[in-house]
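Visitor: kindly return the folded structure for what I paste below:
(2 chains)
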Amino acid sequence: MLKRKTPISWFIGFAVSFALFQLMLLAITKLLFVGIGLWGVNVPVAWGMDILNFVWWIGIGHAGTLISAILLLLRQKWRTSINRFAEAMTLFAVAQAGMYPIMHLGRPWLAYWLFPYPNTMGIWPQFRSPLMWDVFAVSTYATVSAVFWFVGLIPDFATLRDRAKSKPFQMIYGMLAMGWRGSARHWHRYETAYLLLAGLATPLVLSVHTIVSFDFAVGIIPGWHATIFPPYFVAGAIYAGFAMVLLLTIPLRKIYGLESFITMRHMHNMAKVMLATGLIVFYGYLMEAFFGWYSGNHYEQFMIWNRMHGPYAAYYWALIFCNGFTPQLLWFKKIRGNLLFLWLICIVVSIGMWLERFVIVVTSLHRDYLPSSWGMYQPSPVGLVHVHRHHRILLCVAVSVYSLPADDFDFRDADDSARGGSGRRIVVGFVFVRMTRDMAIGQYHLRQQVG
Amino acid sequence: MKKTDPHLYGIMAQFDNPSALVAAARETYEAGYRQINGYSPFPIEELTEAIGFRRTALPVIVLIGGIIGGLGGFLHAVLDGSDRLSD
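Guide: Residues are numbered from 1 along each chain as shown, chains lettered A, B, ... in the order given. Next comes the predicted model:
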């Protein structure tokens, strides 16, 4: 087991993240007192950064599950160096995402009303609403991801328990390890459980983001009421998610010296998945434009024209650049292999995916059927600061519990067992530093003109 | 182990590589022993078979849990999501 002293960069990262986290807490407190008007949500754009960020984060989480569950079922061995880390990323992404539906409620202290509990008011939640379906879908996703992550970690917690130097850690890891002894029976049940969970998590990747896409697809306004949304959103989620995984993996790999463990082959494979899903997403954009025109429907046609030429046109074309043009660079092996370039591409893709949700949410809402209802979306100057808080990410610190086994299954290595059997298990202390992407694009020159 | 020790609960043996371990497990099983267990830091598929551990009830339990949960959730949404009693 490799254990290294925590590098100084961890402390710096932690300090910065912690400071940002405090800022976020301040912003949330202000929001609870003042209300979501602080975000600039108003009529006609009654949904803004809140739903946008929710969808963005959930999408990112899906890549983690795809790497762990789907690649496992497809017997892709290359997943093993990155899967545990990806699963942890999913959990944190889902935690991020989960905050938004609660905070964007008018009365977030009544968030528990979203759950079906027998109450004195004699009411149940509105099961016909996609927002309710979201509640169930995302809770299920969070639960299954957490269980999947934890079950996978049990043998590793056992290793940590066995190697623990102090009694408190021995006890903590001992409880987490749940009595694991490495018995052949344990391994058999472990593998069965892991496969079952992977089998459960896989359809979840598809269904959860489909349900999220229904938040829009079930609506009636042009630009929202589109049957292409489920596959388009799922592909987009995986696209954004892999970008995030790469964004985190590339620097962490360097800092912790994991180059021989997370190899260039892994980087190439992840980049290829990004390329494939990016192409699907771009196809989605082309189809939307096509439907808009081909439909012959006056409102649909306007919707597409407005995206391309209206007040938010800059966002739309930025989107096409980020998500249409940029992934094409990934066709080239040289570019995929240049990690700095790949990292920059991932930033562009992350921004692009955020822009996609922005374009969908805002451009469709701000000008729908009745011109008298048209308006613009702009968070107030004070709200601007708070909006940035709200897509600031929580500080997630996974310290020394993080284990990246070399291979989950079929691990037969004679050298390894000669070395005592656990030579290839690496325990790394990570900090997940999620920095805000300051979406300053266009924010400062939007003016609210309502009524 | 002393020859005079009256209570022999079991024997443990340590091996250098997985193949030796699996071979030993098989021989033990063939010799008629059933209370066998094998320990390894990583999963060894053949070992599980060699010690005679065939089935776990886990998949069935998960299936039953899934069916109950699915039916329950669906029925709840359908039955409580609309008026059942007319005015």
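Visitor: quick one: the helices in chain B?
Guide: Taking DSSP state H as the criterion, chain B carries its helices at B:18-30, B:45-50, B:58-80.
Visitor: what separates the residue nearest the centre of chain B from chain A, distance-wise?
Guide: Chain B has residue B:56 as the residue nearest its centroid, 4.4 Å off, counting by CA atoms, centre = their mean. When distance is defined by CB to the nearest CB, to the nearest Å, residue B:56 is 5 Å away from chain A. Placement of C-beta: from N, CA and C, glycine included.
Visitor: that residue reaches residue A:192, doesn't it?
Guide: Yes. Residue B:56 lies in contact with residue A:192 (CB atoms under 8 Å); the separation is 5.7 Å.
Visitor: give me phi/psi at residue A:183?
Guide: Phi and psi for residue A:183, reported as degrees, to the nearest 10, are phi -70, psi 150.
Visitor: what's the neighbour count on it?
Guide: As a burial measure, residue A:183 scores 18 neighbours (other CB atoms under 10 Å in any protein chain shown).
Visitor: need the contact list for it.
Guide: Neighbouring residues of residue A:183 by CB atoms under 8 Å, 6 or more residues apart in numbering or on different chains: B:37-39.
Visitor: in the stretch 51-200 of chain A, where is pLDDT below threshold?
Guide: In the predicted model, the stretch 51-200 of chain A carries no residue with pLDDT under 70.
Visitor: per-residue pLDDT, residue 25?
Guide: All of this is about chain A. Looking at residue A:25, its pLDDT reads 82.
Visitor: wrong one, I was asking about chain B
Guide: 89.
Visitor: so who does it touch?
Guide: Residue B:25 neighbours (CB under 8 Å, 6+ apart): B:36, B:38, B:47, B:50-51.
Visitor: taking the centroid of chain A, which residue is nearest it?
Guide: Short answer for chain A (CA atoms, centre = their mean): residue A:60, at 2.1 Å.
Visitor: ok, it to residue A:346 distance?
Guide: For residue A:60, the distance to residue A:346 (CB to CB, to the nearest Å) stands at 11 Å.
Visitor: what touches both of these two?
Guide: Both residue A:60 and residue A:346 are in contact with residue A:244, where contact means CB under 8 Å, 6+ apart.
Visitor: element containing the closest residue to chain B within the stretch 201-350 of chain A, please.
Guide: Minimum separation of the stretch 201-350 of chain A from chain B (CB to the nearest CB) falls at residue A:203, amounting to 11.4 Å. Here residue A:203 sits within helix A:184-217, counting by DSSP states H and E.
Visitor: report the buried residues of that helix.
Guide: A:184-198, A:200-202, A:204-217 (16 or more other CB atoms under 10 Å in any protein chain shown).
Visitor: any idea how far the helix or strand of chain B with the lowest mean pLDDT is from the chain center?
Guide: Across the helices and strands of chain B, mean pLDDT, DSSP states H and E gives its lowest value to helix B:45-50, namely a mean of 81. In terms of CA atoms, centre = their mean, to the nearest Å, the centre of helix B:45-50 is set 12 Å apart from its chain centre.
Visitor: that helix vs chain A: in contact?
Guide: Yes. Between helix B:45-50 and chain A, judged by CB under 8 Å from any CB of the partner chain, the touching residues are B:45, B:47-48.
Visitor: helices or strands next to whatever helix or strand residue A:13 lives in in the packing?
Guide: Assigned by DSSP H and E, residue A:13 belongs to helix A:8-34. With contacts taken as 3 or more CB pairs under 8 Å, 6 or more residues apart in numbering or on different chains; DSSP states H and E, helix A:8-34 sits against helix A:381-390, strand A:426-432.
Visitor: how about residue A:284, secondary structure?
Guide: helix (DSSP: H, G, I helix; E, B strand; the rest coil).
Visitor: count the residues that sit near residue 76.
Guide: I'll assume chain A. Neighbours around residue A:76, by other CB under 10 Å: 13.
Visitor: nope, chain B
Guide: Neighbour count of residue B:76, defined by other CB under 10 Å: 13.
Visitor: please apply the same query to residue A:103.
Guide: Neighbours around residue A:103, by other CB under 10 Å: 19.
Visitor: I figured it hits residue A:31, correct?
Guide: Yes. Contact between residue A:103 and residue A:31 holds when scored by CB under 8 Å: they sit 6.2 Å apart.
Visitor: mind telling me what element residue A:253 is part of?
Guide: Under the criterion of DSSP H and E, residue A:253 resides in helix A:229-255.
Visitor: that older thread, list the buried residues in the helix holding residue A:13.
Guide: Within helix A:8-34, the residues that qualify as buried are A:10, A:13-14, A:17, A:20-21, A:23-24, A:27-28, A:30-31, counting by 16+ other CB under 10 Å.
Visitor: right, is the strand or helix carrying residue A:143 up against chain B?
Guide: Element membership of residue A:143 [criterion: DSSP H and E] is helix A:130-163. Yes. Applying CB under 8 Å from any CB, one finds helix A:130-163 touching chain B at A:136, A:155, A:159.
Visitor: and that helix, what does it pack onto?
Guide: When contacts are defined as 3+ CB pairs under 8 Å, 6+ apart, helix A:130-163 sits against helix A:49-65, helix A:83-103, helix A:167-177, helix A:184-217, strand A:396-404, strand A:426-432.
Visitor: now stretch A:331-346: average pLDDT?
Guide: 92.
Visitor: flag every buried residue along that stretch.
Guide: A:336, A:339, A:342-343, A:345-346.
Visitor: from those, pick the one nearest residue A:319.
Guide: Residue A:319 lies nearest to residue A:345 out of these, by CB to CB, at 15.3 Å.
Visitor: got the angle for the one helix or strand the closest one maps to vs helix A:229-255?
Guide: Taking DSSP H and E as the definition, one finds residue A:345 inside helix A:339-358. Angle, helix A:339-358 to helix A:229-255, by axes from the mean of the first three to the mean of the last three CA atoms, to 10 degrees: 150 degrees.
Visitor: from the chain's centre, how far out does the helix or strand just after helix A:339-358 sit?
Guide: Sequence-wise, the next helix or strand beyond helix A:339-358 is helix A:364-366, with elements assigned using DSSP H and E. Computed by CA atoms, centre = their mean, the chain-centroid distance of helix A:364-366 equals 25 Å.
Visitor: again, but for stretch A:145-156
Guide: 19 Å.
Visitor: so what touches that stretch?
Guide: Residues outside stretch A:145-156 that contact it (CB under 8 Å, 6+ apart) are A:61, A:64-65, A:68-69, A:83-84, A:87-88, A:90-91, A:94, A:176-178, A:180, A:182, A:190, A:193-194, A:197-198, A:201, A:401, A:403, A:405, A:408, A:425, A:427, B:41.
Visitor: in it, what's buried?
Guide: Under 16+ other CB under 10 Å, the buried positions of stretch A:145-156 are A:145, A:148-149, A:151-156.
Visitor: which pair of those spans the longest distance?
Guide: Longest span within the buried residues of stretch A:145-156, CB to CB: A:145 and A:155, 18.8 Å.
Visitor: so what's the residue nearest to residue A:132 when sequence neighbours are not counted up against?
Guide: Excluding its sequence neighbours, the residue lying closest to residue A:132 (CB to CB, 6 or more residues apart in numbering or on different chains) is residue A:125, at 5.2 Å. Contact analysis of residue A:125 by CB under 8 Å, 6+ apart lists A:113-116, A:132, A:135.
Visitor: now flag whichever of those residues is closest to chain B.
Guide: residue A:116 (6.4 Å).
Visitor: secondary structure class for that closest one?
Guide: coil.
Visitor: and chain B, what are its domains?
Guide: Annotated domains of chain B cover B:1-54, B:56-87 [automatic domain parsing].
Visitor: out of those domains, which is closest to residue A:236?
Guide: Comparing those under CB to CB, the one sitting nearest is domain B:56-87, at 27.5 Å.
Visitor: mean confidence (pLDDT) on that closest one, please.
Guide: On average, domain B:56-87 scores 84.
Visitor: off-centre distance for it?
Guide: Distance, stretch centre to chain centre, for domain B:56-87: 28 Å (CA atoms, centre = their mean).
Visitor: ok, now stretch A:339-347?
Guide: On CA atoms, centre = their mean, the centre of stretch A:339-347 falls 18 Å from that of its chain.
Visitor: good, we can wrap up now.
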